[in-house]
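K.L.:
Predicted model and sequence below, questions to follow.
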Protein chains: 4
Amino acid sequence: MTTDPDPQQVRRPATDFSTARLEAFSDGVFAIAITLLVLDLKVPEPDTLDGQSLAGALAHQWPAYFAYLVSFLVIGIIWINHHAMCALARRVDRRTLFTNLLLLLTVSVIPYPTRMLAAYLTARNTDAHTAAAFYAATMVAMGAAFSLLFLAFTRDAQALHHPIPPAARRAAMRRFSVGGICYVATIALAYISPVAMLATHAALALYYCFDQLAPARRAS
Amino acid sequence: MTTDPDPQQVRRPATDFSTARLEAFSDGVFAIAITLLVLDLKVPEPDTLDGQSLAGALAHQWPAYFAYLVSFLVIGIIWINHHAMCALARRVDRRTLFTNLLLLLTVSVIPYPTRMLAAYLTARNTDAHTAAAFYAATMVAMGAAFSLLFLAFTRDAQALHHPIPPAARRAAMRRFSVGGICYVATIALAYISPVAMLATHAALALYYCFDQLAPARRAS
Amino acid sequence: MTTDPDPQQVRRPATDFSTARLEAFSDGVFAIAITLLVLDLKVPEPDTLDGQSLAGALAHQWPAYFAYLVSFLVIGIIWINHHAMCALARRVDRRTLFTNLLLLLTVSVIPYPTRMLAAYLTARNTDAHTAAAFYAATMVAMGAAFSLLFLAFTRDAQALHHPIPPAARRAAMRRFSVGGICYVATIALAYISPVAMLATHAALALYYCFDQLAPARRAS
Amino acid sequence: MTTDPDPQQVRRPATDFSTARLEAFSDGVFAIAITLLVLDLKVPEPDTLDGQSLAGALAHQWPAYFAYLVSFLVIGIIWINHHAMCALARRVDRRTLFTNLLLLLTVSVIPYPTRMLAAYLTARNTDAHTAAAFYAATMVAMGAAFSLLFLAFTRDAQALHHPIPPAARRAAMRRFSVGGICYVATIALAYISPVAMLATHAALALYYCFDQLAPARRAS
């Protein structure tokens, strides 16, 4: 192997992986999860309208549209941040692959709490709270998995294109923590107002738009 | 970083992204949205035929086939034009990623108005109009998102493989506008004839086949 | 552009596309269509078994498994042959993109006749024939689209990695035609025996395993 | 072709394929299969709760969550090992493509036994055993297909980046066989305790985490 002229081969030990397929597989899961959301927008059956107009029946479905939009935004933002994070790494080890799988689990399950919230957001009180808390808890799990993945990606300076100074890494983690605390708080909020919980997740997604990874990336 | 021998790294600042993953994720969403359409082609249940033959029941479903074909064509053409647009850019910034996400939202939602139209195209008058207007409005949103994305892609001449002359950019925008006005007009058409609205979208998709991006691309 | 040192840029005119994204999008559609097939394998509801065992209910579903396997095989083989065909081309033009879209239409619709056949293969006579003829007609359309795509890909010798001698191209077309005639014959067979029609498509798929593109590829 | 300056072209004979598209297509199927699992997590309809709380109804669905988690883990691990295996190869022949298709068949079908198990894990005794045995048999088929694919990938030393010593190949096969015997044993276990069968598959997936391909890869 020492005579191999391809520097790619020399740099990459046999137990490591390029990020290319990690990204391809993750992109697939993100893309499918975000697109499957549409399957839970139900068209009212013509014979169940009971004299109501289609427009009226659709207006009645606003919780489904609201939940759809927030979940679409959340998955889209995670994808963008995942993209930014992968760009830091030159190669990944097996542990990172598993942590990534954990993130994908929390992402690909999002359509489930989304359709639960769509069905129960305006339903009997306790059930609306249950559905909202389930949704918020999924987001907490997703945020935690993302933070773990950031740690896995940046743990080994050798695996990065450019080492991240410890201060920048801590700054990024602090920002993650702020988001994490907000996420956990939305579980409590779910028991006060499910609609406010959902609106808060829309706001948190927009907060993450402003590149929370920026400190780490800029420093590199 | 100035000593980095890889010119790719030198050219690309830390806050920008290559177009590769943008395209991979977008391709995924386009591919899934276009393929999910098939889930809304319903097979009549054997015990609901009521003595009618399967062939008769299928013929009765022509609105579902018609809506399926038009939506397939529309998503396919958007994909081709998205492909052509991405080929212009060397790298994208965060704002472009978000505008792209907006386009993907309008694309991935298309199966919803499609199945609504399939269910209501020949239904009670007002509801057919509502479903048709919903479909047309989705197309307007999609067209608008595509124009915004074109602006985002071509805003920064540095990010393009070859700068696009302002005149060519304006010509491309004029062509988009013509299409946009037609799209808006189909909302009105939905209240006159839902079938004509759908046929117009098939025609508009074919119009966009003739490479509306051509002026900008040829100039480059 | 003449001073551009990147030979890729020089070779590829502005109106042509690389095959990379064509393949990425097509791979996505193939992968989704082949995986969506599983959604039509229905699990019998526990309360609809009527004293029958689950094993008995599953055995009763053999048409669904048979149709699933044949359609999986068919889409898998098309993908392999699509792969082989794309490997011939260096770049594609807009016309090829559209012909490819036509092929993807016929591929992504396959889950629909598959679930129709699963529901009607053993149903009342006429309906079984209708469902079987619909299935066979979809395969004819798919085969025709594939032949058109082969013509589109190989039309322009400049766009290929290595020119294909006209004799080899004609040989490949002859082999396509043999398959095409068999495909059309299965529509007639559908009216005699739906099960034989399905078995024939399994056999035809296996026939296409033996690299029908071989003459064109070997010659290159 | 001998004057072709591109070493990629020289090395790859016309009847072989690069691994890139094999991986892209496989990634797509893996990503879709793993994400489709979420469609079988059913939200209880608000009007079917019968006075029960949503939380109670969800707790009642634990078999669905358990089966979901195990199947997600299984598909994720297969993907990681598939990734590791593809990294060994420089190019693949047609036979490998078909063996890969066989693996994809067993992977993409996994949502079916998963939803069957979710529906029957706690159902009438015999049916629970049937569903569990069906699930275990799918995993046996998947494991067998993976072993066949490993043989297909490593059969031709020329097609690998670095030849695998026969001893390392045999060691990898021995490890596969150990897993295979365990898989077959879970079919018997399905008739004793469906829940234990499912737990065993979770454990086996974790066993495969510890890089069963390691001997072959390290040796290269």
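P.N.:
Perfect, I can see it now. Numbering: from 1, shown residues only, chains lettered A, B, ... in the order given.

K.L.:
which residue sits closest to residue A:196 in space, ignoring its chain neighbours?
P.N.:
Nearest non-adjacent residue to residue A:196, counting by Cβ to Cβ, 6 or more residues apart in numbering or on different chains: residue A:189, 5.8 Å away. Heads up, the C-betas are built off the backbone N, CA and C, glycines and all.

K.L.:
ok, the residue nearest the centre of chain A to residue D:187 distance?
P.N.:
Central residue check for chain A by Cα atoms, centre = their mean: the C-alpha nearest the mean position is that of residue A:78, 4.0 Å away. Distance, residue A:78 to residue D:187, using Cβ to Cβ, to the nearest Å: 39 Å.

K.L.:
what's the closest non-adjacent residue to the residue nearest to the centre of chain A?
P.N.:
residue A:107 (6.2 Å).

K.L.:
Please give the element, helix or strand, for whatever residue of chain A ends up closest to chain B.
P.N.:
At 2.9 Å from chain B, residue A:31 is the closest residue in chain A, using Cβ to the nearest Cβ. Using DSSP states H and E, residue A:31 falls within helix A:19-36.

K.L.:
residue ranges for the strands of chain A, please.
P.N.:
A:17-18, A:91-92 (DSSP state E).

K.L.:
weakest of those in terms of mean pLDDT?
P.N.:
Ranked on mean pLDDT, the bottom entry among the strands of chain A is strand A:17-18, at a mean of 70.

K.L.:
before we move on, back to that, how many neighbours does the residue nearest to residue A:78 have?
P.N.:
Using other Cβ atoms under 10 Å in any protein chain shown, residue A:107 has 26 other residues around it.

K.L.:
Can you tell me how far it is from chain C?
P.N.:
Between residue A:107 and chain C the distance is 18 Å, computed by Cβ to the nearest Cβ, to the nearest Å.

K.L.:
Tell me the confidence at that residue?
P.N.:
Note for residue A:107: predicted pLDDT of 97.

K.L.:
if I pick it, what's in contact with it?
P.N.:
Counting by Cβ atoms under 8 Å, 6 or more residues apart in numbering or on different chains, residue A:107 touches A:29-30, A:33, A:75, A:78, A:142.

K.L.:
what mean pLDDT would you report for stretch A:113-121?
P.N.:
Rounded to a whole number, the mean pLDDT of stretch A:113-121 is 94.

K.L.:
Now render the contacts of residue A:107 as TSV, adding pLDDT and distance to residue C:153.
P.N.:
Putting these into TSV (pLDDT from 0 to 100; distance: Cβ to Cβ, whole Å) gives the following:
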residue	pLDDT	distance to residue C:153
A:29	95	31
A:30	95	31
A:33	96	34
A:75	95	36
A:78	90	38
A:142	94	43
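
K.L.:
what comes up buried for the lengthiest helix in chain A?
P.N.:
In chain A, ranked by residue count with DSSP state H as the criterion, the top helix is helix A:125-154. By neighbour count on 16 or more other Cβ atoms under 10 Å in any protein chain shown, the buried set for helix A:125-154 is A:127-150, A:152-154.

K.L.:
picking up where we left off before, which of the strands of chain A is buried the deepest?
P.N.:
Among the strands of chain A, ranked by average contacts under mean count of other Cβ atoms under 10 Å in any protein chain shown, first place goes to strand A:91-92 (a mean of 21).

K.L.:
So in that sheet, which strands flank it, and in what orientation?
P.N.:
The pairing partners recorded for strand A:91-92 under DSSP bridges are strand A:17-18 (antiparallel).

K.L.:
restrict the buried residues of helix A:125-154 to contacts with chain D.
P.N.:
Contacts with chain D within the buried residues of helix A:125-154, as defined by Cβ under 8 Å from any Cβ of the partner chain: A:127, A:130-131, A:134.

K.L.:
Where does confidence bottom out across these?
P.N.:
pLDDT is lowest at residue A:127 among those; the value there is 92.

K.L.:
which one is that one nearest to, not counting chain neighbours?
P.N.:
residue D:54 (3.9 Å).

K.L.:
how about the one you found, what does it touch?
P.N.:
By Cβ under 8 Å, 6+ apart, residue D:54 lies in contact with A:116, A:120, A:123, A:126-127, A:130-131, D:44.

K.L.:
Around residue A:206, how many other residues sit close by?
P.N.:
Applying other Cβ under 10 Å, we find 11 residues neighbouring residue A:206.

K.L.:
Now it. Nearest residue, chain neighbours left out?
P.N.:
In this structure, residue A:206 finds its nearest non-sequential neighbour in residue A:73, 7.6 Å apart by Cβ to Cβ, 6+ apart.

K.L.:
Then residue A:106?
P.N.:
Spatially, and ignoring its direct neighbours in sequence, residue A:106 is nearest to residue A:142 (3.9 Å; Cβ to Cβ, 6+ apart).

K.L.:
gap between that neighbour and residue B:76?
P.N.:
As judged by Cβ to Cβ, residue A:142 and residue B:76 stand 33 Å apart.
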